[in-house]
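Participant: Give me the fold of what follows.
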Amino acid sequence: MTLIDQLPPTADPDALYEAFESWARERGLTLYPHQEEALIEVVSGANVVVSTPTGSGKSMIAAGAHFAALARDEVTFYTAPIKALVSEKFFELCKMFGTENVGMLTGDASVNSDAPIICCTAEVLASIALRDGKHADVGQVVMDEFHFYAEADRGWAWQIPILELPQAQFILMSATLGDVAMFEKDLTRRTGRPTSVVRSATRPVPLSYEYKLTPLTETLTELLETRQAPVYIVHFTQAQAVERAQALMSINMCSREEKDQIAELIGNFRFTTKFGRNLSRYVRHGIGVHHAGMLPKYRRLVEKLAQAGLLKVICGTDTLGVGVNVPIRTVLFTALAKYDGIRVRTLRAREFHQIAGRAGRAGFDTAGLVVAQAPSTSWRTRRRSRRRATTRRSAGRSSARRRPRASSGGRRAPSRSSSPPSPSRSRPASG
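Facilitator: Presented below is the predicted three-dimensional model:
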């Protein structure tokens, strides 16, 4: 049974809320207080700004928003910053609402574009808003990862719909929003709807943080031995992620039984490209690769294996920080700096929290772990320092053994092996 089957005969807010809550309860899901608050505002027709931690169920709020829009016979748009997240959300909403009711629009793909629920990248909706403005058939906009509003290069794609679609209800969601008073006032003025801000600082799954000075391979081995898998290793280029997966093939990740389960789940899946054949080797060893440059079918396979709990390690990029739903227990940063297209800089606090917040997913873990790996220069320098200290101590012990002992009279005893002193050269007598 899909959510469409739960639609009440009228768009009464109370009936909408009760129908959605009943659907969630049937699936064993209990709504958090902030989810209840947000959904009550959504079904009432208000704009909602949701600022809650990662893993606190913003996807459930988005689903409730789409449900309310369908009940009001409105077209609802879900936007995300990257195609990987758009694709993931498309498949997720197809399961909830049925394939005939969900479409997808990206820069290079269009699927069921006349559907009442559209998943698209932020730039696609911005183009529609610029073209059609207040005449666009857009009744509701759900903007995920809304903190991209502040990006210098891409922020315009989140700003334009707010400026050009006054007829729409907006649901703006992010885990790392600061003061949103400006949005609260501006949305109310532009749309004529009340705007509610829903905040929560409590994570359903608590996090702990560690900083490691050991080499990455030793760090990863320790995490696997202490049952902190699955581990997502964060890289800042796609090439580094693939190279890491290849380098880790020497570590035994899975038991024979687990490898058989992986092979069974893969089944007759076709790995048709060179990268695909390499990926086949990695995943059969319990290592996944995940980044936005992969073909959707490979990315979906890795996500499917991860959700089944069969991958111990996933080597990926920071796309993890934009909401890709890969259940993991530990996030391992290979570095705390990245190249942003202009220079190498330290991660911003927002970027760090977006990625780190993916550790410990609700429903999978009771706690999450975030590990920051020291730069290789740090642990190499530390090793060299230890070696030098050991060498100095060894040299000190050796010289102590070679030093001759003093005689009982307090004078230094002559060495037996030393040659007798040479006679002093006499001066010729004068005169």
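Participant: need the contact list for Gln246.
Facilitator: Contacts for Gln246 (CB atoms under 8 Å, 6 or more residues apart in numbering) come out as 278, 282. The way it works is simple: take the backbone N, C-alpha and C, and place the C-beta from them, glycine included.
Participant: Just the pLDDT for it.
Facilitator: pLDDT recorded at Gln246 is 92.
Participant: Same question for Leu320.
Facilitator: pLDDT at Leu320 comes out at 63.
Participant: Repeat that for Pro13.
Facilitator: Listed pLDDT for Pro13 reads 92.
Participant: Next: the one 4 residues further on.
Facilitator: Reported pLDDT at Tyr17 in the predicted model: 94.
Participant: Numbering from 652 from now on, please.
Facilitator: With 652 as the first residue, the last one maps to Tyr668.
Participant: What is the burial count for it?
Facilitator: Neighbour count of Tyr668, defined by other CB atoms under 10 Å: 20.
Participant: Quick check, it in contact with Ile691.
Facilitator: Yes. Applying CB atoms under 8 Å, one finds Tyr668 in contact with Ile691, separated by 6.1 Å.
Participant: just the helices in the stretch 752-901 of the chain please.
Facilitator: 773-783, 807-815, 832-842, 867-876, 889-898 (DSSP state H, counting those that start in this stretch).
Participant: What residues of the third one count as buried?
Facilitator: It stands for helix 832-842. Buried positions in helix 832-842, judged by neighbour count with 16 or more other CB atoms under 10 Å: 834-835, 838, 841-842.
Participant: now, which of the residues you listed sits nearest Val977?
Facilitator: Phe834 (29.6 Å; CB to CB).
Participant: Quickly note the distance from Tyr990 to Val856.
Facilitator: Relative to Val856, Tyr990 is positioned 31 Å away (CB to CB, to the nearest Å).
Participant: Then Glu669?
Facilitator: In this view, Glu669 and Val856 are 28 Å apart by CB to CB.
Participant: Mind checking which of the two has more residues around it?
Facilitator: More crowded of Glu669 and Val856, by other CB under 10 Å: Val856, with 20 against 14.
Participant: Now the more buried one. Nearest residue, chain neighbours left out?
Facilitator: Distances taken as CB to CB, 6 or more residues apart in numbering put Gly1011 closest to Val856, at 3.7 Å, once the chain neighbours are dropped.
Participant: Please report the confidence value the model assigns to that neighbour.
Facilitator: We have a pLDDT of 85 for Gly1011.
Participant: where's it relative to Ala719, distance?
Facilitator: Distance from Gly1011 to Ala719, by CB to CB: 30 Å.
Participant: Kindly report the same for Met824.
Facilitator: Per CB to CB, Met824 is found 15 Å from Ala719.
Participant: Hmm, Gly939 is touching Lys955, no?
Facilitator: No. The criterion here is CB under 8 Å, and Gly939 misses it with Lys955 at 10.1 Å.
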